[in-house]
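> Sharing a sequence plus its predicted fold:
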Amino acid sequence: MTEDGSIAASENEATSGAPAEEELTVEQVLEKAGVIARKALLYAQGEAKPGVKLLDLAEKIELFITDNGGKPAFPVNLGIGNVAAHYTPSAEETAVLGEKDVLKVDLGVHIEGLIVDCAQTIDLSGENGKLVEASKKALENALSVMRVGANSRDVGAEIQKTIESYGFKPIENLCGHSLQHWELHAGREIPNVAMGNSLLEEGEIYAVEPFASTGSGRVREATDSAEIYSLMGAKNVRMQASRRVLELVAEEYRTLPFAKRWLQEVPMLQFALSDLEKQGLIHGYGVLHDDAKSLVSQAETTVIIEKDGVKVLV
């Protein structure tokens, strides 16, 4: 990225003698990422069918993003049933989609670290339309009150009111989040209930993601091993495998979340991840779920805050 915020031509373009493409503004790059993300959601709808392996589905969506000119901003999340977030298949996953699954497809696209984040719920049985509609309508209503000077508490109140009007509970301990260059969670939040007290500012970028649940409306973190990690820091480490993980992550993903299955080339991978986590150099994200047998729906898009509303990117 250049000092004026535009995206410079690649080194290959600059040295090949070929005419360089016109530099794009940050907003134009985000719009481009949004187009890819929107196409990826449509692609996921077509691929998500009973009997499809979760691993195959995740890898196909990630490859689709890459083939269309972006990169995954995080591993594709495929939350089924009561799973709300942070589930991506392992390299050994054999599970398949069931005929009655309620599937959340949460994906991100980045171009040179500029990120859009989006999600949809696919109801494979067609029996949970009201639940799916609750999160979609909550997102629509949330966007209608977002503008410069709007209070995040009022946005959360709109989400809460909408989901509760459908007879479900918003997940109160999950929230939308601001996005910045190479930062998926940049510090500011859009709550899913009436809480918080921050004013939206012009030009801020937010992922807004209401969750509707038939359960308690609070998620808990699973205690088994994580499949998604992100880099927290870097220092010299003793183990060769740990050094290799740090090198790969710093080069390919920087501070963005990555999947364990993306690093299968590293020998002693799990040992290295455990070593780095103990040293506080990476963070593992446990799967987040509501009550057993409950169902969760999610709708999400990314927006830019404008004076009189929002610019929807996905």
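Arrived safely, thanks for sending.

> So for stretch 279-297, mean pLDDT?
Model confidence over stretch 279-297, given as mean pLDDT, is 97.

> Can you measure across it, start residue to end residue?
In terms of CA to CA, to the nearest Å, the two terminal residues of stretch 279-297 are separated by 35 Å.

> List the buried residues of it.
Within stretch 279-297, the residues that count as buried by 16 or more other CB atoms under 10 Å are 281-282, 284-291, 294-297. Heads up, the C-betas are built off the backbone N, CA and C, glycines and all.

> so which pair among the residues you listed is furthest apart in space?
Among those, the pair separated by the greatest distance (CB to CB) is Leu281 and Leu295, at 36.5 Å.

> between the buried residues of stretch 279-297, which is nearest Val249?
In terms of CB to CB, no member of these lies closer to Val249 than Ile282, at 7.5 Å.

> What is the nearest of the buried residues of stretch 279-297 to Pro89?
Among those, and counting by CB to CB, the member closest to Pro89 is Val287, at 11.4 Å.

> Can you show me the strands along the stretch 151-300 of the chain?
Assigned by DSSP state E, counting those that start in this stretch, the stretch 151-300 of the chain shows strands spanning 169-170, 175-178, 189-191, 205-208, 211-213, 220-221, 228-231, 258-259, 282-285, 288-289, 296-298.

> what's the fourth one packed up against?
So that's strand 205-208. Taking 3 or more CB pairs under 8 Å, 6 or more residues apart in numbering; DSSP states H and E as the contact definition, the neighbouring helices and strands of strand 205-208 are strand 114-123, helix 129-145, strand 175-178, strand 189-191, strand 301-306.

> then that strand to CSV, C-alphas only?
The C-alpha atoms that make up strand 205-208 are tabulated as CSV, following Å, rounded to 0.1, in the frame of the first residue of the first chain:
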residue,chain,number,x,y,z
ILE,A,205,-15.2,-0.5,8.3
TYR,A,206,-17.3,-3.0,10.2
ALA,A,207,-18.3,-6.6,9.9
VAL,A,208,-21.8,-6.8,11.2
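
> Can you lay out the helices and strands packed on strand 205-208 as JSON lines showing mean neighbour count and mean pLDDT?
Compiled in JSON lines, the helices and strands packed on strand 205-208 are given as follows (neighbours: other CB atoms under 10 Å; pLDDT from 0 to 100):
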{"stretch": "strand 114-123", "mean neighbour count": "24", "mean pLDDT": "98"}
{"stretch": "helix 129-145", "mean neighbour count": "20", "mean pLDDT": "98"}
{"stretch": "strand 175-178", "mean neighbour count": "23", "mean pLDDT": "98"}
{"stretch": "strand 189-191", "mean neighbour count": "21", "mean pLDDT": "98"}
{"stretch": "strand 301-306", "mean neighbour count": "22", "mean pLDDT": "98"}
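
> what about those, which gets the closest to Thr214?
Distances from Thr214 to each of the helices and strands packed on strand 205-208 were compared using CB to CB; the minimum, 6.8 Å, belongs to helix 129-145.

> So what angle separates the directions of the closest one and strand 114-123?
The directions of helix 129-145 and strand 114-123 differ by 150 degrees, with axes from the mean of the first three to the mean of the last three CA atoms, to 10 degrees as the criterion.

> got the contact list for helix 129-145?
102, 121, 123, 154-155, 158-159, 161-163, 166-168, 170, 190, 192, 208-212, 214, 295, 297-301, 303, 309-310, 312 (CB atoms under 8 Å, 6 or more residues apart in numbering).

> among the strands of the stretch 151-300 of the chain, which is nearest Tyr43?
When the strands of the stretch 151-300 of the chain are ranked by proximity to Tyr43, the top entry is strand 296-298, at 17.8 Å, counting by CB to CB.

> Quick check: neighbours of that closest one in the sheet, parallel or antiparallel?
Strand 296-298 has its sheet partners listed here by DSSP bridges as strand 211-213 (antiparallel).

> now the partner strand, how far from the centre of its chain.
16 Å (CA atoms, centre = their mean, to the nearest Å).

> that older thread, any chance of the helices and strands packed on strand 205-208 in CSV with distance to Leu97 as columns?
Supplementary listing: the helices and strands packed on strand 205-208 in CSV, determined by distance: least, CB to CB, whole Å:
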stretch, distance to Leu97
strand 114-123, 9
helix 129-145, 16
strand 175-178, 27
strand 189-191, 30
strand 301-306, 24
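
> returning to what we had before: I'd like to know which of the buried residues of stretch 279-297 is nearest to Ala40.
Proximity of these to Ala40 (CB to CB) peaks at Ser297, which lies at 18.9 Å.
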